[in-house]
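**Student:** here's a sequence, model it:
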Amino acid sequence: MCKLFSKYEKEIEQYCISQGLSFEKAKRLPQCWGKNDIWLQYHDSQKGKEGLRNETPAPIVLKIFIDNGRVAFEQTEHTRKYLS
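**Tutor:** Modelled structure (predicted):
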C-alpha cells in the first residue's frame, strides 16, 4: 500500500462509506500513485497472468487527488462495478 493511501486512509474510508462503496475492497485493489494522487485499479488475477506482456487492461476504479492536504475523489465508470 502506498504511503499516501496510508496517510489519508481515514478520509478514503469516510468517502467510501458516504458513497456506499466498500472500503475493504478499495484497500485490496492495486494502486498506481504519483506525488499527489492515487489511482485504484481493478486486476483480474485469473486473466492475463503475463501482465503488460499480453496487454491485460486494469481499469481505473477510483481516482484520489491530494491538494494542500485536502482529499478529492473522482469516480469512473468502473467504480460501482468493483467497489459496491
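**Student:** going by C-alpha atoms from here, please, whenever you check contacts or count neighbours.
**Tutor:** OK.
**Student:** which residues are contacting the strand ranked longest in the chain?
**Tutor:** Ranked by residue count under DSSP state E, the longest strand found in the chain is strand 60-67. Contact with strand 60-67 is made by 36-42, 71-79, 82-83, as judged by C-alpha atoms under 8 Å, 6 or more residues apart in numbering.
**Student:** could I get the buried residue list for it?
**Tutor:** By 16 or more other C-alpha atoms under 10 Å, the buried positions in strand 60-67 come out as 60-65.
**Student:** can you list the weak-confidence ranges in this structure?
**Tutor:** 1-2, 48-55 (pLDDT under 70).
**Student:** where do the strands sit along it?
**Tutor:** Counting by DSSP E, the strands of the chain are 31-33, 37-41, 60-67, 70-75.
**Student:** show me what the first one is packed against.
**Tutor:** Packing partners of strand 31-33 (3 or more C-alpha pairs under 8 Å, 6 or more residues apart in numbering; DSSP states H and E): strand 37-41.
**Student:** next, the angle from the strand it packs on to strand 70-75.
**Tutor:** 30 degrees (axes from the mean of the first three to the mean of the last three C-alpha atoms, to 10 degrees).
**Student:** what angle separates strand 37-41 from strand 60-67?
**Tutor:** 170 degrees.
**Student:** pairing partners for strand 37-41, with directions?
**Tutor:** Its sheet considered, strand 37-41 pairs with strand 31-33 (antiparallel), strand 60-67 (antiparallel) by DSSP bridges.
**Student:** of all those strands, which one is nearest Lys7?
**Tutor:** strand 60-67 (10.7 Å; C-alpha to C-alpha).
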